[in-house]
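S.K.: Would you be able to build a 3D model of this:
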Amino acid sequence: MTVTMLQFIIELPESTSLKDKRKVVTGTKEKLRIKFRVSCAEVDLLDSLGFAQIGAAIVSNSKDFGEKVMQRALAFVEDRLALKVYDAQIHSETY
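M.R.: Okay, the predicted model is just below:
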């Protein structure tokens, strides 16, 4: 069993309240869940209005497959959702 994790920070320059931030973060998480079948959560920077840190994970039987899914998910966030991504990391653990 292999668990592959993706963690990244997105910039939210137009966010002026926690409600604005929540709208973007929730939409991003839902789109990742639906399109890539990954588990997602906002994992840090909860009090920041301008940034959000999102984590995603997938369980599979192949490190290559998990990392490929996470690379596509990250590209989706950058390209299709037009969000500026900082400090993206992909990591796999085999159990």
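
S.K.: What residues of the host helix or strand of Met5 count as buried?
M.R.: Assigned by DSSP states H and E, Met5 belongs to strand 2-11. Neighbour counts using 16 or more other CB atoms under 10 Å place Thr2, Thr4, Met5, Leu6, Gln7, Phe8, Ile9, Ile10 of strand 2-11 among the buried residues. For glycine as for every other residue, the C-beta is placed from the backbone atoms N, C-alpha and C.

S.K.: And stretch 25-41, by the same measure?
M.R.: Val25, Thr28, Lys29, Lys31, Leu32, Phe36, Val38, Cys40.

S.K.: With stretch 56-69 instead?
M.R.: Ala56, Ala57, Ile58, Ser60, Gly66, Glu67, Val69.

S.K.: Remind me what the helix or strand hosting the second one packs against, helices and strands.
M.R.: Of the helices and strands defined by DSSP H and E, Ala57 is found in strand 51-60. Here strand 51-60 is seen to pack against strand 2-11, helix 18-36, strand 39-44, helix 63-79 when contacts are counted using 3 or more CB pairs under 8 Å, 6 or more residues apart in numbering; DSSP states H and E.

S.K.: export the last one as PDB, just CAs?
M.R.: Backbone C-alpha positions of helix 63-79 (Å, rounded to 0.1, in the frame of the first residue of the first chain) are rendered in PDB as follows:
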ATOM      1  CA  LYS A  63       4.100   5.000  -6.100                       C
ATOM      2  CA  ASP A  64       4.300   6.100  -9.700                       C
ATOM      3  CA  PHE A  65       0.500   6.100 -10.100                       C
ATOM      4  CA  GLY A  66       0.000   8.200  -6.900                       C
ATOM      5  CA  GLU A  67       2.700  10.700  -7.900                       C
ATOM      6  CA  LYS A  68       1.300  11.000 -11.400                       C
ATOM      7  CA  VAL A  69      -2.200  11.800 -10.000                       C
ATOM      8  CA  MET A  70      -0.800  14.400  -7.700                       C
ATOM      9  CA  GLN A  71       1.300  16.100 -10.400                       C
ATOM     10  CA  ARG A  72      -1.900  16.300 -12.600                       C
ATOM     11  CA  ALA A  73      -3.900  17.700  -9.600                       C
ATOM     12  CA  LEU A  74      -1.200  20.300  -9.000                       C
ATOM     13  CA  ALA A  75      -1.200  21.300 -12.700                       C
ATOM     14  CA  PHE A  76      -5.000  21.500 -12.600                       C
ATOM     15  CA  VAL A  77      -4.900  24.000  -9.700                       C
ATOM     16  CA  GLU A  78      -2.300  26.100 -11.400                       C
ATOM     17  CA  ASP A  79      -3.700  26.000 -15.000                       C
END
